[in-house]
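A.B. asks: Predicted model follows, preceded by the sequence.
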Amino acid sequence: MDFVDERIALACAFRWAARFDLHEAVANHFSLAVDEAGTRFLMNPRGRHFARVTASDLLLLDAGDASTMERPGAPDPTAWALHGSIHRSMRHARCLLHVHSRFATALACLDDPTLPPIDQNAMRFRGRVTVDDRFDGMGLDDEAERIARLVEDKPILLMRHHGVMAIGPTVAQAFDDLYYFERACCTYLTALQTGRKLRSVSDRVAAKTERQWRDYPDMGEDHFRELRAILDHEDPSYRR
């Protein structure tokens, strides 16, 4: 199977990550499981800029294939280690969007990486962020396996001294979470720069707002549908 629809959706995510400046050079990676077991997945090829990724560029990999790094056109080794480990062990983690985006990475560098409930975007992620506090170098071998064991049912993995990963059942949902988490981090860090005292809401209001976010129907799908429509009009080359 060619997984055409899955390829097009993931290619759209790459293009918009570049447009939103969420990427870092050619160092970041997105992946999407395409089989029921979650072990066969699409991922960007090594060294391809997000702004140039097309649907047909995406590699189809098998997390159980130990010979993957020996094949011609092998993926980036850190990407293979990290994404392969997660897809191999966490069936529910269908879509993984890993970036070193500016504001989420800055939050990950703070001594206290807690995102306080100062605006409704931050409240969306109340209780929905896993923080990896044990950075031990580039995501290879044991480090990748360790990170994979941290992936729970939360949509955001904040990786201290590293970056962030959005995890979701679909490309649309994962991308929407990545977008809003970066926005929330931007607002928080911008507010800190004023040097003035921040005002948070009560835990009751934060919990209510987080619940309202979860109950809001199909917001991620609506957002991603519009992103695809814009690209279809402005630059449909991503579909190739």
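C.D. replies: Arrived safely. Fair warning: this is a prediction, and the values are worked out from it, not measured in the lab.

A.B. asks: Find the residue at the geometric middle of the chain.
C.D. replies: Residue closest to the average C-alpha location in the chain (CA atoms, centre = their mean): Leu97, at 2.5 Å.

A.B. asks: Surely it and Ala13 touch.
C.D. replies: Yes. Using CB atoms under 8 Å, Leu97 is in contact with Ala13, at 6.7 Å. (Glycine included, C-beta is placed from N, CA and C.)

A.B. asks: Mutual contacts of the two, please.
C.D. replies: Shared contacts of Leu97 and Ala13, defined by CB atoms under 8 Å, 6 or more residues apart in numbering, comprise Phe30, Ala174, Phe175.

A.B. asks: The host helix or strand of Leu32: partners in the sheet, and parallel or antiparallel?
C.D. replies: Assessed by DSSP states H and E, Leu32 sits inside strand 29-33. Strand pairing for strand 29-33, using DSSP bridges, gives strand 40-43 (antiparallel), strand 95-99 (antiparallel).

A.B. asks: which parts of stretch 47-64 are buried?
C.D. replies: Arg48, Phe50, Val53, Thr54, Ala55, Asp57, Leu58, Leu59, Leu61, Ala63 (16 or more other CB atoms under 10 Å).

A.B. asks: And for stretch 200-208?
C.D. replies: Those would be Val201, Ala206, for stretch 200-208 by 16+ other CB under 10 Å.

A.B. asks: For it, what does the pLDDT average out to?
C.D. replies: Stretch 200-208 carries an average pLDDT of 98.

A.B. asks: List the contacts of it.
C.D. replies: Outside stretch 200-208, the residues that touch it by CB under 8 Å, 6+ apart are Pro116, Pro117, Ile118, Met123, Arg126, Thr209.

A.B. asks: Can you list the residue ranges for strands in this structure?
C.D. replies: Assigned by DSSP state E, the strands in the chain fall at 29-33, 40-43, 59-62, 95-99, 129-132, 156-159, 163-168.

A.B. asks: quick one: contacts of the worst-scoring helix or strand of the chain on mean pLDDT?
C.D. replies: When the helices and strands of the chain are scored by mean pLDDT, DSSP states H and E, helix 142-148 comes last with a mean of 82. For helix 142-148, contacts defined as CB under 8 Å, 6+ apart pick out 78, 81-82, 84-86, 88-90, 132, 134, 136-137, 139, 157, 159.

A.B. asks: Mind checking which of the residues you listed are buried?
C.D. replies: Neighbour-count burial (16+ other CB under 10 Å) applied to these gives Thr78, Ala81, Leu82, Gly84, Ser85, Ile86, Arg88, Met90, Asp132, Gly139, Leu157, Met159.

A.B. asks: Could you check how far the last one is from Asn121?
C.D. replies: From Met159 over to Asn121 the distance is 20 Å, taken as CB to CB, to the nearest Å.

A.B. asks: Check the third one too.
C.D. replies: Distance, Leu82 to Asn121, by CB to CB: 27 Å.

A.B. asks: and Leu58, what does it touch?
C.D. replies: Counting by CB under 8 Å, 6+ apart, Leu58 makes contact with Arg7, Leu10, Ala11, Leu42, Met43, Asn44, Pro45.

A.B. asks: Which residue, other than its chain neighbours, is closest to the fourth one?
C.D. replies: Right, Leu42. Leu58 (4.4 Å; CB to CB, 6 or more residues apart in numbering).

A.B. asks: sorry, back to before: check which residues of the least confident helix or strand of the chain are buried.
C.D. replies: By neighbour count on 16+ other CB under 10 Å, the buried set for helix 142-148 is Glu143, Ala144, Glu145, Ile147, Ala148.
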